[in-house]
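> how would this look folded up:
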Amino acid sequence: MTNINCTSYDETYTSFEYCFLKSVNRTYKYASLRAKLYSVPVYKFKLNFAIYQRLNGYKPFLYNVTVDGCKFLKNQKSSPIASFIYNLFASYSNLNHTCPYDHDIMVEKVPYSFVEQQLTHNLPFPKGAYGFYSDWYNEKIKRASVNVHCTLT
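Reported below is the predicted structural model:
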(Lines give C-alpha, C1' and ligand atoms only; values in the text may rest on other atoms or scores of the structure.)
Protein backbone atom coordinates (compact mmCIF):
# COMPACT_ATOMS: atom_id res chain seq x y z
CA MET A 1 0.00 0.00 0.00
CA THR A 2 1.39 3.37 -0.94
CA ASN A 3 -1.39 5.81 -0.05
CA ILE A 4 -4.86 6.06 1.48
CA ASN A 5 -7.11 9.08 1.13
CA CYS A 6 -10.42 9.48 2.96
CA THR A 7 -12.70 12.39 2.06
CA SER A 8 -15.96 13.46 3.65
CA TYR A 9 -18.24 15.47 1.36
CA ASP A 10 -20.76 16.31 4.09
CA GLU A 11 -19.19 17.01 7.49
CA THR A 12 -22.64 17.12 9.11
CA TYR A 13 -23.23 13.51 8.03
CA THR A 14 -19.81 11.92 8.50
CA SER A 15 -16.21 12.78 9.21
CA PHE A 16 -13.02 10.77 9.41
CA GLU A 17 -11.41 10.70 12.83
CA TYR A 18 -8.35 9.06 11.27
CA CYS A 19 -7.34 7.51 7.99
CA PHE A 20 -3.74 6.40 7.60
CA LEU A 21 -1.14 3.87 6.54
CA LYS A 22 1.47 2.82 9.04
CA SER A 23 4.74 1.16 8.18
CA VAL A 24 5.94 -0.73 11.24
CA ASN A 25 9.02 -2.13 9.51
CA ARG A 26 10.11 -3.02 5.99
CA THR A 27 7.76 -5.99 5.75
CA TYR A 28 4.75 -5.03 7.87
CA LYS A 29 2.41 -2.21 6.79
CA TYR A 30 -1.21 -1.73 7.67
CA ALA A 31 -4.12 0.62 7.00
CA SER A 32 -6.67 1.95 9.50
CA LEU A 33 -9.61 4.32 9.34
CA ARG A 34 -12.48 5.45 11.51
CA ALA A 35 -15.55 7.23 10.12
CA LYS A 36 -17.79 9.00 12.60
CA LEU A 37 -21.47 8.89 11.64
CA TYR A 38 -23.60 11.81 12.84
CA SER A 39 -26.97 10.88 11.27
CA VAL A 40 -27.62 7.53 12.85
CA PRO A 41 -29.11 5.03 12.43
CA VAL A 42 -28.26 4.38 8.78
CA TYR A 43 -30.86 2.14 7.15
CA LYS A 44 -29.76 2.44 3.52
CA PHE A 45 -26.50 3.11 1.73
CA LYS A 46 -25.00 2.47 -1.67
CA LEU A 47 -21.39 1.83 -2.48
CA ASN A 48 -19.61 2.31 -5.80
CA PHE A 49 -16.30 0.53 -6.05
CA ALA A 50 -13.86 0.76 -8.95
CA ILE A 51 -10.39 -0.61 -9.59
CA TYR A 52 -7.92 1.35 -11.69
CA GLN A 53 -4.50 0.34 -12.98
CA ARG A 54 -1.75 2.88 -13.43
CA LEU A 55 -0.76 2.99 -17.11
CA ASN A 56 0.06 6.57 -18.17
CA GLY A 57 -2.39 7.72 -15.51
CA TYR A 58 -5.02 5.59 -13.82
CA LYS A 59 -7.17 3.64 -16.30
CA PRO A 60 -10.25 1.50 -15.47
CA PHE A 61 -9.27 -2.10 -14.71
CA LEU A 62 -11.66 -5.05 -14.38
CA TYR A 63 -14.40 -3.76 -12.10
CA ASN A 64 -16.66 -0.78 -11.51
CA VAL A 65 -19.54 -2.02 -9.35
CA THR A 66 -22.36 -0.31 -7.47
CA VAL A 67 -24.21 -2.25 -4.79
CA ASP A 68 -26.95 -1.56 -2.27
CA GLY A 69 -24.92 -1.98 0.93
CA CYS A 70 -27.69 -3.23 3.19
CA LYS A 71 -28.97 -5.80 0.68
CA PHE A 72 -25.42 -6.97 0.02
CA LEU A 73 -24.69 -7.46 3.72
CA LYS A 74 -27.87 -9.57 4.06
CA ASN A 75 -26.87 -11.76 1.11
CA GLN A 76 -23.20 -11.57 0.19
CA LYS A 77 -23.63 -14.11 -2.59
CA SER A 78 -25.72 -11.58 -4.53
CA SER A 79 -22.55 -9.92 -5.90
CA PRO A 80 -19.42 -12.07 -6.14
CA ILE A 81 -17.26 -9.07 -7.10
CA ALA A 82 -18.45 -6.99 -4.14
CA SER A 83 -17.99 -10.04 -1.92
CA PHE A 84 -14.38 -10.44 -3.02
CA ILE A 85 -13.65 -6.77 -2.35
CA TYR A 86 -15.51 -6.84 0.98
CA ASN A 87 -13.48 -9.85 2.11
CA LEU A 88 -10.26 -7.85 1.64
CA PHE A 89 -11.09 -5.92 4.83
CA ALA A 90 -14.14 -7.56 6.45
CA SER A 91 -12.30 -9.46 9.16
CA TYR A 92 -10.62 -6.21 10.25
CA SER A 93 -13.75 -4.06 10.39
CA ASN A 94 -17.01 -3.65 12.28
CA LEU A 95 -19.05 -3.73 9.03
CA ASN A 96 -19.91 -7.35 9.74
CA HIS A 97 -23.65 -7.04 10.33
CA THR A 98 -26.71 -5.89 8.42
CA CYS A 99 -28.35 -2.49 8.64
CA PRO A 100 -29.07 -0.37 10.62
CA TYR A 101 -25.71 1.11 11.59
CA ASP A 102 -25.83 3.22 14.72
CA HIS A 103 -22.10 3.35 15.44
CA ASP A 104 -18.87 4.59 13.91
CA ILE A 105 -17.35 2.58 11.07
CA MET A 106 -13.88 1.23 11.80
CA VAL A 107 -11.37 -0.68 9.73
CA GLU A 108 -8.41 -1.48 11.94
CA LYS A 109 -4.92 -2.63 10.98
CA VAL A 110 -5.55 -4.31 7.62
CA PRO A 111 -2.11 -5.75 6.82
CA TYR A 112 -0.76 -5.22 3.33
CA SER A 113 0.50 -8.83 3.27
CA PHE A 114 -3.09 -10.11 3.61
CA VAL A 115 -4.39 -7.86 0.80
CA GLU A 116 -1.47 -8.76 -1.46
CA GLN A 117 -2.05 -12.48 -0.93
CA GLN A 118 -5.74 -12.14 -1.77
CA LEU A 119 -4.97 -10.19 -4.95
CA THR A 120 -2.10 -12.34 -6.21
CA HIS A 121 -3.17 -15.85 -5.16
CA ASN A 122 -6.98 -15.85 -5.12
CA LEU A 123 -7.42 -13.52 -8.09
CA PRO A 124 -4.19 -13.31 -10.08
CA PHE A 125 -3.70 -9.58 -10.61
CA PRO A 126 -0.71 -8.69 -12.79
CA LYS A 127 2.14 -6.80 -11.14
CA GLY A 128 1.76 -3.04 -11.20
CA ALA A 129 0.25 -0.02 -9.47
CA TYR A 130 -3.48 0.03 -8.67
CA GLY A 131 -6.06 2.38 -7.24
CA PHE A 132 -9.07 1.04 -5.33
CA TYR A 133 -11.67 3.83 -5.29
CA SER A 134 -14.90 3.70 -3.31
CA ASP A 135 -17.72 6.24 -3.08
CA TRP A 136 -20.30 5.94 -0.30
CA TYR A 137 -23.85 7.24 -0.87
CA ASN A 138 -26.82 7.77 1.41
CA GLU A 139 -30.16 9.16 0.21
CA LYS A 140 -28.62 9.44 -3.30
CA ILE A 141 -26.06 11.93 -2.01
CA LYS A 142 -22.33 11.20 -2.16
CA ARG A 143 -21.24 11.35 1.49
CA ALA A 144 -17.66 10.07 1.49
CA SER A 145 -14.93 8.42 -0.53
CA VAL A 146 -12.06 6.16 0.42
CA ASN A 147 -9.25 5.67 -2.10
CA VAL A 148 -6.38 3.26 -1.60
CA HIS A 149 -3.34 3.03 -3.85
CA CYS A 150 -1.05 0.03 -3.81
CA THR A 151 1.70 -1.59 -5.83
CA LEU A 152 1.86 -5.33 -6.41
CA THR A 153 5.41 -6.57 -6.89
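
> got the buried residues for stretch 80-93?
Across stretch 80-93, burial judged by 16 or more other CB atoms under 10 Å covers 82, 84-86, 88-90, 92. No exception for glycine: its C-beta is placed from N, CA and C like everyone else's.

> stretch 44-52 now?
Buried residues in stretch 44-52, counting neighbours by 16+ other CB under 10 Å, are found at 45-47, 49-52.

> what's the average pLDDT for that stretch?
For stretch 44-52, mean pLDDT is 93.

> coming back round to it: widest-spaced pair of the buried residues of stretch 44-52?
Using CB to CB, the pair of the buried residues of stretch 44-52 lying farthest apart is 45 and 52, separated by 22.5 Å.

> contact partners for the closest residue to residue 41 other than its chain neighbours?
Nearest residue to residue 41 in three dimensions, chain neighbours excluded: residue 100, at 3.6 Å (CB to CB, 6 or more residues apart in numbering). Residue 100 makes contact with 40-43, according to CB atoms under 8 Å, 6 or more residues apart in numbering.

> counting neighbours, which of those residues comes out on top?
Neighbour counts for the contacts of residue 100 peak at residue 42, which has 20 neighbours (criterion: other CB atoms under 10 Å).
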